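**Q** quick one: sequence plus predicted model below, questions after.
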Amino acid sequence: MRRTDFLVHAESDTVGVVVAEDTASGEEWTGWIMATDETIHIQAMDEIPLGHKVALNDIQSGDTIVKYGRDIGRAVADISKGCHVHVHNLKTKRW
């Protein structure tokens, strides 16, 4: 059985949370969509630390980013599928 590399909480999420410590860019990662009990696969484009986010699809600058089914901010740069989503390309909408 293949390990789970990232979790997706809701079908509407645009990012998943990395849950494996020894992931590497270029690998095919396996994700689990908790709400539907489905498995998905993406190719990792970056090394992403445990607990950080991975883009599930291409995200355009200005797009809303959704995690846990909730708006967590907006992209401030284009983000390709499989890339690291963090403070360098995601900002809160509060400020």
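**A** Structure received.
**Q** burial count for residue 21?
**A** By the measure other CB atoms under 10 Å, the count of residues near residue 21 is 9. Where you see a C-beta, it was placed from the backbone N, CA and C, and this is true even at glycine.
**Q** oh, that last question was meant for residue 5, not what I typed.
**A** By the criterion of other CB under 10 Å, residue 5 has 23 neighbours.
**Q** which non-adjacent residue is nearest it?
**A** Nearest non-adjacent residue to residue 5, counting by CB to CB, 6 or more residues apart in numbering: residue 29, 3.8 Å away.
**Q** try residue 63
**A** Nearest residue to residue 63, sequence neighbours excluded (CB to CB, 6+ apart): residue 75, at 4.9 Å.
**Q** tell me how far the one you found lies from residue 19.
**A** 22 Å (CB to CB, to the nearest Å).
**Q** go on, residue 85?
**A** Residue 85 is 15 Å from residue 19, by CB to CB.
**Q** more neighbours: which of residue 75 and residue 19?
**A** Set residue 75 next to residue 19 and count neighbours by other CB under 10 Å: residue 75 wins out with 19 against 15.
**Q** quick one: stretch 60-74 to chain centroid distance?
**A** Put simply, stretch 60-74 sits 11 Å off its chain's centre (CA atoms, centre = their mean, to the nearest Å).
**Q** gap between the two ends of it?
**A** With CA to CA, to the nearest Å as the measure, stretch 60-74 spans 9 Å from end to end.
**Q** neighbouring contacts of it?
**A** With CB atoms under 8 Å, 6 or more residues apart in numbering as the test, stretch 60-74 has contacts from 9-10, 12-15, 17, 35, 53, 59, 75-78, 85, 90-93.
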